[in-house]
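>>> for reference, the sequence and a predicted model appear below.
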Amino acid sequence: MKFIEIDVRELAPPEPMTAILLALSTLPQGEGLLVHHSRQPFPLYDQLKTTGWAYRCEQKAEGYFLLSIFRQQD
Amino acid sequence: MKIAGLSFSALPPIDLPFRFFITAAIFMLASACLVLWAGEDLWLSRWHPFMLALTHGFTLGFLTMVMLGALLQLMPVIAGIGIPYPRLIASLSHLFLTIGTVSIMLGFIFGDDWLRYSAIIFLGLGLGLYLIALAWVLIKKISQGDSITGFRLAIAALLAVLLLGLALLARNLGLDWLPANKQLTNIHALWGLVGWADLLIIAVSFQVIPMFHVAPAFPKAITRYLPACIFILLLVFILYPTLALPALSLCHGLFALTLFSVIRKHKRKVPDTSIRYWQLAALALLLASTLYFIPNTLWDIYLPLNKELLIAALFIYFYLMSVIQGMLLKILPFLSYTHLQQRCLVDFSAMQFIPHMHEFLNKKHGEWLFRLHLLTALCLISVLLQPAAYFVFGLSLMFEFIWLLFIMSKTMRLYFSVSRKISLSSVKS
């Protein structure tokens, strides 16, 4: 799967969420979103699941997480 | 995480924290009225019944009310889990805490036994219910450890403060669950201010300052050991107060210096009122910690005001209150925006309805709040110097919190109007 990457680590809330939403709204079918984040956006996870998105989050280092978001059917 | 189909990592509905915040501001208006009505007598000593009513108006009516409201949202954001049955627990806690705080304040003012019974029952129920719900969450293993340790200690302290407070109230009703001992009220006061309010703020600051101000994380040595160190010193205070207090002052001086250091490295160089609140808070904490070490003999010669009251005023009004207001200025727009944004995951076109963040909280309004806060804080010092100045302090306090109430209600009204637009547009499509 091809991933579009965005880095929101230097953004203050709510800009990370805005960037993620904008990227998801224009995400081509069959592609995923890879987010470089400074924290796990917990409240987003439930919302993603109930709106047809799946995700995986991996901690790379202290204060650095890689979050991949893709459509559940993909 | 999920339990039987319920998910606790989602944010609870926003009207829940909103009601805590609005009530808190109203309690401060009530406190301002108390200051204006009580006159100079209130300032005679910290044990005067009117002063006790005022301090509980501040600590229960404002500080605790805001922090419990904020925790409803901060726990899911920071720890990935919120309290179970949030609507039921938050609504009941809020109602009981409000009734209990009104009862305790009036109980101190009028000395009525029924009011004291009411305070015991409702504060016990209101805080107890919330504490049980929080403890249920906090005893689990949760990620992002250092802040969670701080939360656990703060909650433990609140439980101790609550039990001690209820026992002290009961003494006034002839129920001698505890022996008569002034040290017990000192423990209640110190555990309440430092164990509950201060520890919670410290734990929250570890997350909130790096998050909202794009600042580096606090030094590991501080996040790992400071909360526990403070808690241990609070335990030591029970038996050896003269040993514990200097050590606590040093700990807080250290935290203040760390705050300055972290804030200085924040990356968003846009002028930000919240940052100024943090700087004011750090300065006050540093000053309070330093003043503690001035010997009483020197103090009596050069400083014409009560040392205990000055340090308490710096700690409560210049530090705790500043941090809480600075956080509210960040949390109010952030929560409003986040809740609305999450609804856009269902329908991306709803994003067009969400106004710019600045519309949720006008920068100039925040700046004016800071100025009013500073003015009130200076008036507080002047009352300590000259009790006749109580009227100026009372008025300034009144204006400050009318303004905060205005800011809050403006944010909330915008939230609900945008929320309605999003709902209507999704009905149409």
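Yes, it's here. Numbers count the residues shown, from 1 in each chain, chains lettered A, B, ... in the order given.

>>> how about the CA coordinates for stretch A:39-58, as CSV?
Extracted as CSV, the C-alpha positions of stretch A:39-58 are listed here (Å, rounded to 0.1, in the frame of the first residue of the first chain):
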residue,chain,number,x,y,z
ARG,A,39,2.0,11.5,21.0
GLN,A,40,-0.7,8.9,20.6
PRO,A,41,-3.9,10.7,19.7
PHE,A,42,-6.1,8.5,21.8
PRO,A,43,-9.4,10.2,21.4
LEU,A,44,-9.1,9.8,17.7
TYR,A,45,-8.9,6.0,17.7
ASP,A,46,-12.5,5.3,18.6
GLN,A,47,-13.7,7.9,16.1
LEU,A,48,-11.6,6.3,13.4
LYS,A,49,-13.0,2.8,14.1
THR,A,50,-16.6,3.9,14.0
THR,A,51,-16.2,5.9,10.7
GLY,A,52,-14.7,3.1,8.7
TRP,A,53,-10.9,3.7,9.2
ALA,A,54,-8.4,1.3,10.6
TYR,A,55,-5.1,2.3,12.2
ARG,A,56,-1.8,1.0,13.6
CYS,A,57,0.4,2.9,16.0
GLU,A,58,4.1,2.2,16.7
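
>>> tell me which residues of that stretch are tucked away?
Going by neighbour count (16 or more other C-beta atoms under 10 Å in any protein chain shown), the buried part of stretch A:39-58 is A:Arg39, A:Gln40, A:Pro41, A:Phe42, A:Pro43, A:Leu44, A:Tyr45, A:Asp46, A:Gln47, A:Leu48, A:Trp53, A:Tyr55. C-beta coordinates here come from the backbone N, C-alpha and C atoms, glycine included.

>>> do the helix-or-strand element of chain A with minimal mean pLDDT and chain B come into contact?
Least confident helix or strand, chain A: helix A:42-50 with a mean of 82, by mean pLDDT, DSSP states H and E. Yes - interface with chain B: helix A:42-50 contributes A:Phe42, A:Pro43, A:Leu44, A:Tyr45, A:Asp46, A:Gln47, A:Leu48 (C-beta under 8 Å from any C-beta of the partner chain).

>>> for that helix, packing partners?
If you count contacts as 3 or more C-beta pairs under 8 Å, 6 or more residues apart in numbering or on different chains; DSSP states H and E, helix A:42-50 packs onto strand A:53-61, helix B:65-79, helix B:321-343.

>>> repeat the analysis, applying 10 Å as the threshold.
The contact analysis (3 or more C-beta pairs under 10 Å, 6 or more residues apart in numbering or on different chains; DSSP states H and E) places helix A:42-50 against helix A:15-25, strand A:53-61, strand A:64-71, strand B:6-7, helix B:65-79, helix B:321-343.

>>> tell me which of these lies nearest to B:His356.
helix B:321-343 (9.4 Å; C-beta to C-beta).

>>> and the closest one, does that touch chain A?
Yes - if you take C-beta under 10 Å from any C-beta of the partner chain as the test, helix B:321-343 does meet chain A, through B:330-331, B:333-343.
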